[in-house]
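Peer 1: This is a predicted model, with the sequence first.
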Amino acid sequence: MASMQFSGSGVAAVKRGVPSFDGLRLAPSTFRVSYSVGACGLGLDRRCFRGLVVKAATVVAPKYTSITPLGDRVLVKIKTSEEKTTGGILLPSTAQSKPQAGEVVAIGEGRTIGKKKIEIGVQTGTQVVYSKYAGTELEFNGSNHLILKEDDMVGVLDTDDVKDLKPLNDRVLIKVAEAEEKTAGGLLLTQATKERPSIGMVTAVGPGPLDEEGNRKPLPLTPGSTVLYSKYAGNEFKSADGSDYIALKVSDVIAVLS
């Protein structure tokens, strides 16, 4: 998703000088590959492997004081990962879920469709939710940012509860139906054997996609509709009350159930 930021002594011959990742920086290492074969196969020096961590964000040097996105791109300041569970238990960095939300801090000039100039649909200061693997990560002014296209934003979220998400463009928000507790024969299902449902109720819809002339096309779905959707589509969320929601494109909705 982004370029790799490395700093350090670089990579030398295979005999020695292969760098290791010390925390978030590339530091000189004692990683050496010898030609002898020991009890563990190749004779690797045990002094190596000191904190293997990869830093994937592109670091913007302090001499640059602003970033201006181009076209239909926006710059989002990523929301910090939760360091504690709701019960107050501290989470190690490996267990912290990657945030998918942030604040829009800069926007591009928009795009032109046909003869119509289309401006970005969100303003600076807006809190947005975006697709999990979208955009390019940047470290700027000591904070993590993301540059992504407008279409990679899922919706606007003014509260801390995903049930209040306002979908953007051609996306819809669906409250996922609860999994069946029993089989058709009456056999109780454990949590592990419950199949993830692909049915839910539409709770909010976006304004629709843009046509070839730059006009919005209303979505064919309305809140309250029960729908069947593609099993592995969209972005999943859990609301404050524990309910499951999914935000996906209307093209991933297969059918309306009644």
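Peer 2: Done, it's in.

Peer 1: Would you mark the buried spots in stretch 148-162?
Peer 2: Burial within stretch 148-162, assessed by neighbour count using 16 or more other CB atoms under 10 Å, is assigned to 148, 149, 150, 151, 152, 153, 154, 155, 156, 157, 162. Where C-beta positions appear, they are placed from N, C-alpha and C, glycine not excepted.

Peer 1: Now it - C-alpha only, CSV.
Peer 2: This file holds the C-alpha atoms of stretch 148-162, laid out as CSV (Å, rounded to 0.1, in the frame of the first residue of the first chain):
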residue,chain,number,x,y,z
LEU,A,148,-6.6,8.1,-0.6
LYS,A,149,-9.1,8.6,-3.3
GLU,A,150,-12.6,9.9,-2.5
ASP,A,151,-14.1,6.7,-3.6
ASP,A,152,-12.1,4.8,-1.0
MET,A,153,-14.0,6.6,1.8
VAL,A,154,-16.8,4.4,3.1
GLY,A,155,-18.8,7.1,5.0
VAL,A,156,-18.9,10.0,7.4
LEU,A,157,-19.1,9.2,11.1
ASP,A,158,-19.8,12.1,13.5
THR,A,159,-20.1,9.8,16.6
ASP,A,160,-18.3,6.9,18.0
ASP,A,161,-21.0,4.4,17.1
VAL,A,162,-20.9,2.8,13.6
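
Peer 1: State the mean pLDDT of it.
Peer 2: Averaging pLDDT along stretch 148-162 gives 93.

Peer 1: so what pLDDT did residue 57 get?
Peer 2: Residue 57 is given a pLDDT of 76.

Peer 1: Offset the numbering so it begins at 655, please.
Peer 2: In the new count, where the first residue is 655, that last one comes out as residue 711.

Peer 1: was I right about it contacting residue 796?
Peer 2: No. Assessed by CB atoms under 8 Å, residue 711 is found out of contact with residue 796, at 11.8 Å.

Peer 1: quick one, which of these two is more surrounded?
Peer 2: Remark: of residue 711 and residue 796, residue 711 carries more neighbours, 20 against 6, as counted by other CB atoms under 10 Å.

Peer 1: Can you tell me how far the nearest residue to residue 826 once chain neighbours are set aside is from residue 896?
Peer 2: Closest residue in space to residue 826, ignoring its immediate chain neighbours: residue 859 at 4.9 Å, by CB to CB, 6 or more residues apart in numbering. For residue 859, the distance to residue 896 equals 24 Å [CB to CB, to the nearest Å].

Peer 1: Looking at the two, which is more packed in?
Peer 2: residue 859 (21 against 6).

Peer 1: show me where pLDDT drops low in the stretch 755-904 of the chain?
Peer 2: 833-851 (pLDDT under 70).

Peer 1: quick one: residue 811 and residue 783 touch, right?
Peer 2: Yes. Residue 811 is within contact range of residue 783, at 5.3 Å (criterion: CB under 8 Å).

Peer 1: who touches both of those two?
Peer 2: 755, 819 (CB atoms under 8 Å, 6 or more residues apart in numbering).

Peer 1: Let me see the ranges of the helices in the protein.
Peer 2: Per DSSP state H, the chain carries no helices over any range.

Peer 1: Quick one: the strands in the stretch 655-804 of the chain, in order.
Peer 2: 674-676, 679-681, 687-692, 695-698, 712-713, 727-732, 755-761, 765-767, 770-772, 781-784, 790-794, 797-803 (DSSP state E, counting those that start in this stretch).

Peer 1: burial of residue 867, as a residue count?
Peer 2: By the criterion of other CB under 10 Å, residue 867 has 9 neighbours.

Peer 1: Equivalent analysis for residue 897, please.
Peer 2: 14.

Peer 1: Next up, the contacts around the spatially closest residue to it that is not a sequence neighbour.
Peer 2: Excluding the flanking residues, the one nearest residue 897 by CB to CB, 6+ apart is residue 829, at 6.1 Å. Applying CB under 8 Å, 6+ apart to residue 829 gives the contacts 817, 854, 855, 857, 897, 898, 899.

Peer 1: So the first one versus residue 806, what's the distance?
Peer 2: Relative to residue 806, residue 817 is positioned 22 Å away (CB to CB).
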